[in-house]
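Q: for reference, the sequence and a predicted model appear below.
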Amino acid sequence: MASAGRSERAEQLIRECSGVLPSVILRDLLGVAPATLIRWRTELGIRPTLSESKRITSAFLNELPNLNILPLSDEERKRIRLLRLEWMQRRTTGDEEEQQIAVIRLQTARLPTRAIAAILDVSESTVLRLQKKYAVSVDRAQRRRLEHRFATSESCPSAAGLTKLQQQRLVACWREVRRQRAKSDRKANAAKCAFAERLLTSLRALRSERLHQEPSLVLSRCSGECGEQWPRDAAFFVPNWRSEDGLARRCKYCSYERLRRYKGGGRKRRNKARGRVPSESEWSRLRGIVKEYSDLLPGILLRHLFRLGEGTLSRLRRDAGVHLTAAKAKKIRWRWYFRTRSPEFPLLTDKEVARLYLLTKGYDTYTSRRFERDTRLEAYLRSEALKLRQPSSAPQSADVRSCRGCAAVYPALPAFFKQRNGSIEPRCKVCLKHEAAMQRKAQLRIRFSGRV
Ligand SMILES: [Zn+2]
Ligand SMILES: [Zn+2]
């Protein structure tokens with residue numbers, strides 16, 4: 001019952017293949033234009049909706065349908081297989097890549113590689129390859145910033161121009177990243193807690209061993225939270241070059257615990273005090289400044305001047321090819337403190353120069369404090385002297401003497417006046433200590449002044 005130029009064979013094909021083969025394939029088999037196929041179908045009462053057509057197409061591309069049940073010749077079956085292969089190839093190298101690169105172009109500066117890969121449902125290496133191919137790659141520092149921002153944002157970052165499915169994939173990826181991060185934080189913190197416990201146990205064991213060997217060993221109370229008393233030496237207290245005896249006031253356990261808590265339990269928290277992450281454009285400027293002024297300005301000033309964290313400054317230094325040892329950094333600090341004239345800073349803006357001036361004032365005051373009289377020791381000696389003047393301990397306090405330096409009157413005891421070669425120093429401990437500090441300052445000035 002063929003009509004209007006259709007053969008019976010054409011009608012049979014349209015009837016039996018329309019639900020299985022996409023229109024494009026059917027047209028190829030019949031050798032007709034798109035409008036003709038639509039007209040013929042309509043006349044035969046076959047009107048697939050758009051979503052039906054799409055479903056047929058994707059089913060056909062996903063899996064080759066069983067062609068043997070269709071009224072086709074071997075030649076036609078072969079041709080359909082070939083057409084399908086070509087179509088699939090075109091999709092992956094052309095259309096699909098075009099869609100992918102559209103997303104990549106838009107999101108590369110906003111989302112980490114992992115999130116883009118999730119959106120497109122491809123591997124990260126595919127994203128990296130395409131970014132490279134289309135010259136939209138970002139550098140490592142930028143990638144790190146994006147990863148960090150993605151993993152720490154309180155809600156999933158919204159990305160414009162995504163389909164609903166892509167949006168869902170993005171949210172799933174963000175959740176997974178957050179979950180992994182929380183898990184690794186917990187793990188790291190648990191390991192650190194366990195280490196602290198082991199440390200405390202080993203310190204206690206060492207102390208009892210020492211007390212066993214030397215029962216009269218003098219113990220010193222830790223100023224931290226452990227509430228323990230330890231022998232005052234480097235086995236129990238961390239070194240602190242600013243303290244009188246070179247040891248910190250907190251014991252090793254308390255120092256470790258304090259650091260652990262301060263750093264947020266497992267992972268350093270990035271906050272205002274820890275500095276910010278400079279933008280990409282700012283980074284190259286900062287790198288130039290760091291390269292130029294690292295030998296001149298102490299790191300602490302550079303950090304505060306640009307509100308950077310220690311890690312960011314060291315990355316900037318590495319990026320700028322600047323290598324500083326601890327000894328060299330110390331020299332830079334002293335050179336800056338004893339500078340005799342203010343150097344010029346052509347790379348800094350006026351505002352930054354003003355800020356540097358203020359920071360330097362604070363820094364100088366802070367450093368000067370190291371050479372001042374030890375007022376805490378002075379107050380301590382006064383209170384000790386007062387205690388000795390109490391009637392209960394009167395017999396001991398008969399002999400007092402006046403310091404030749406500060407004229408303070410203290411008992412003539414080794415706690416107040418140092419003994420040297422059998423005789424007593426004419427100046428009190430505070431005065432002696434201050435004199436030593438002034439001598440050190442004079443030596444440092446000779447070594448470092450005028451070298452800026
Ligand atoms: Zn302690
Ligand atoms: Zn004195």
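A: Good, I have the coordinates. Since the model is a prediction, treat every value here as computed from it, not as a measurement. Numbering: from 1, shown residues only. Ligands and ions are numbered 1, 2, ... in the order given.
Q: ok, the residue of the stretch 1-150 of the chain found nearest ligand 2 - how many residues close by?
A: Nearest residue of the stretch 1-150 of the chain to ligand 2, counting by CB to the ion: H148, 54.5 Å away. Using the backbone N, CA and C atoms, a C-beta is placed for each residue, glycine as well. Look at H148: counted by other CB atoms under 10 Å, it has 13 neighbours.
Q: ok, it to ligand 1 distance?
A: Taking CB to the ion, to the nearest Å as the measure, H148 falls 34 Å from ligand 1.
Q: which helices and strands does the helix or strand harbouring D185 pack with?
A: Using DSSP states H and E, the element containing D185 is helix 164-213. Helices and strands touching helix 164-213, by 3 or more CB pairs under 8 Å, 6 or more residues apart in numbering; DSSP states H and E, are helix 113-120, helix 140-152, strand 229-231, helix 252-262.
Q: try 6 Å
A: Helix 164-213 is packed against helix 113-120, helix 252-262, with contacts defined by 3 or more CB pairs under 6 Å, 6 or more residues apart in numbering; DSSP states H and E.
Q: hey, which of those is tucked in deepest?
A: helix 113-120 (a mean of 22; mean count of other CB atoms under 10 Å).
Q: between the next helix or strand along the chain from it and helix 113-120, how many degrees?
A: Counting by DSSP H and E, the element after helix 113-120 in chain order, helix or strand, is helix 124-133. Here helix 124-133 runs at an angle of 100 degrees relative to helix 113-120 (axes from the mean of the first three to the mean of the last three CA atoms, to 10 degrees).
Q: what are the buried residues along helix 124-133?
A: For helix 124-133, burial by neighbour count (16 or more other CB atoms under 10 Å) applies to 126-128, 130-131.
Q: would you map the strands across this protein?
A: Here the chain has its strands, by DSSP state E, at 219-221, 229-231, 237-239, 247-251, 400-402, 409-411, 419-420, 423-424.
Q: now render those strands as TSV, adding mean neighbour count and mean pLDDT.
A: Formatted as TSV, the strands of the chain follow (neighbours: other CB atoms under 10 Å; pLDDT from 0 to 100):
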stretch	mean neighbour count	mean pLDDT
strand 219-221	15	92
strand 229-231	18	94
strand 237-239	16	85
strand 247-251	20	89
strand 400-402	14	88
strand 409-411	18	89
strand 419-420	10	84
strand 423-424	11	85
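Q: same list, these, but as JSON lines with distance to ligand 2 please.
A: Listed next are the strands of the chain as JSON lines, based on distance: least, CB to the ion, whole Å:
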{"stretch": "strand 219-221", "distance to ligand 2": "25"}
{"stretch": "strand 229-231", "distance to ligand 2": "30"}
{"stretch": "strand 237-239", "distance to ligand 2": "28"}
{"stretch": "strand 247-251", "distance to ligand 2": "24"}
{"stretch": "strand 400-402", "distance to ligand 2": "9"}
{"stretch": "strand 409-411", "distance to ligand 2": "8"}
{"stretch": "strand 419-420", "distance to ligand 2": "15"}
{"stretch": "strand 423-424", "distance to ligand 2": "13"}
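Q: which stretch among those comes nearest D121?
A: strand 237-239 (51.2 Å; CB to CB).
Q: can you list the residues of the protein near ligand 1?
A: 222, 224, 226, 251, 254 (CB under 5 Å from the ion).
Q: what residues are bridge-paired with the fourth one?
A: Per DSSP bridges, the residues bridged to C251 are F237.
Q: OK, contacts around it?
A: 222, 230, 236-237 (CB atoms under 6 Å, 6 or more residues apart in numbering).
Q: quickly name whichever of those is closest to K429.
A: Out of those, the member with the shortest distance to K429 (by CB to CB) is F237, at 21.3 Å.
Q: shaky segments in the stretch 51-200 of the chain?
A: For the stretch 51-200 of the chain, applying pLDDT under 70 flags the ranges 90-94.
Q: go again using 50 as the cut-off
A: The stretch 51-200 of the chain contains no residues with pLDDT under 50.
Q: how about the residues of this protein near ligand 2?
A: Counting by CB under 5 Å from the ion, the residues of the chain near ligand 2 are 403, 405-406, 428, 431.
Q: picking that back up, between the helix holding D185 and helix 113-120, how many degrees?
A: For helix 164-213 against helix 113-120, the angle by the same axes, to 10 degrees is 150 degrees.
Q: quick one, helix 164-213 and strand 247-251 angle?
A: Using the same axes, to 10 degrees: helix 164-213 against strand 247-251 is 110 degrees.
Q: now helix 164-213 and helix 140-152, what's the angle there?
A: Helix 164-213 and helix 140-152 are oriented at 90 degrees to each other (the same axes, to 10 degrees).
Q: and the residue in the stretch 251-400 of the chain that ligand 2 sits nearest to, how many neighbours?
A: Nearest to ligand 2 in the stretch 251-400 of the chain, going by CB to the ion, is E378, at a distance of 8.2 Å. The burial count assigned to E378 is 18, neighbours taken as other CB under 10 Å.
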